[in-house]
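Visitor: need a 3D model of the following:
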Amino acid sequence: IKAGQMEGFNVDTPATLVQLAESAWSLDPTQRPRAAAMITAIDSAFKAADITERLERNAVLEAEVEQLKAERRQAPNEYFCPIMRELMVDPVVAADGFSYERAAILEWLASGHTNSPMTNATIDERVIPNVQLRQLIDTFRAQRS
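Guide: Modelled structure (predicted):
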């Protein structure tokens with residue numbers, strides 16, 4: 001019996017479990033081997049579907065990782081937040097003169113740090129959007145799409 005094919009049943013749907021369970025209970029004792037084969041086929045179909053789904057998800061994740069690696073190799077270091085080590089989306093300039101991802105530097109400061117992550121000098125919570133850097137990063141991303 002092949003997964004996905006069985007007399008009168010489509011074993012690719014969860015409702016099939018209910019159908020087959022009801023059928024198996026109503027079978028006379030001489031039909032128990034057929035019931036066992038049906039249960040094995042269902043189990044195989046669901047395992048195959050789960051494996052296929054996982055492989056597809058892994059393939060998508062691997063493609064995303066490769067894209068990020070390629071982006072990292074090609075992007076200038078200035079495009080990366082020194083805290084997160086990721087390409088910035090919303091770069092801001094902090095009081096130390098360095099650019100950071102807005103969320104990263106604000107979280108850094110909110111967690112009690114009063115010193116720059118780059119210079120260790122005391123800084124306050126003021127940040128200014130780095131419009132020019134954002135435009136450069138946006139252009140870089142658009143060229144890679």
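
Visitor: just confirm Val89 contacts Glu101, I think it does.
Guide: Yes - under the criterion of Cβ atoms under 8 Å, Val89 makes contact with Glu101 at 6.7 Å. Placement of C-beta: from N, CA and C, glycine included.

Visitor: pick out whichever of those two has more residues nearby.
Guide: Glu101 (21 against 13; other Cβ atoms under 10 Å).

Visitor: without its sequence neighbours, what residue ends up closest to the more buried one?
Guide: Cys81 (3.9 Å; Cβ to Cβ, 6 or more residues apart in numbering).

Visitor: phi, psi for that neighbour please.
Guide: phi -70, psi 130 (degrees, to the nearest 10).

Visitor: which helix or strand contains the residue positioned nearest the centre of the chain?
Guide: By Cα atoms, centre = their mean, the chain has its centre lying nearest to Leu61, at 6.1 Å. Using DSSP states H and E, Leu61 maps to helix 32-74.

Visitor: which elements pack onto the helix or strand that comes right after that helix?
Guide: Using DSSP H and E, the helix or strand that follows helix 32-74 towards the C-terminus is strand 91-94. If you count contacts as 3 or more Cβ pairs under 8 Å, 6 or more residues apart in numbering; DSSP states H and E, strand 91-94 packs onto strand 99-101, helix 102-110, strand 127-129, helix 131-144.

Visitor: most tightly surrounded among those?
Guide: Highest mean neighbour count of the helices and strands packed on strand 91-94: strand 99-101, a mean of 24 (counted as mean count of other Cβ atoms under 10 Å).

Visitor: what sits up against that strand?
Guide: Surrounding strand 99-101, the residues in contact under the criterion Cβ atoms under 8 Å, 6 or more residues apart in numbering are 78, 81-84, 86, 88-94, 108, 117, 127, 130, 133.

Visitor: now list the buried members of these.
Guide: Applying 16 or more other Cβ atoms under 10 Å to the contacts of strand 99-101, the neighbour count classes 81-83, 88, 91-94, 108, 117, 127, 130, 133 as buried.
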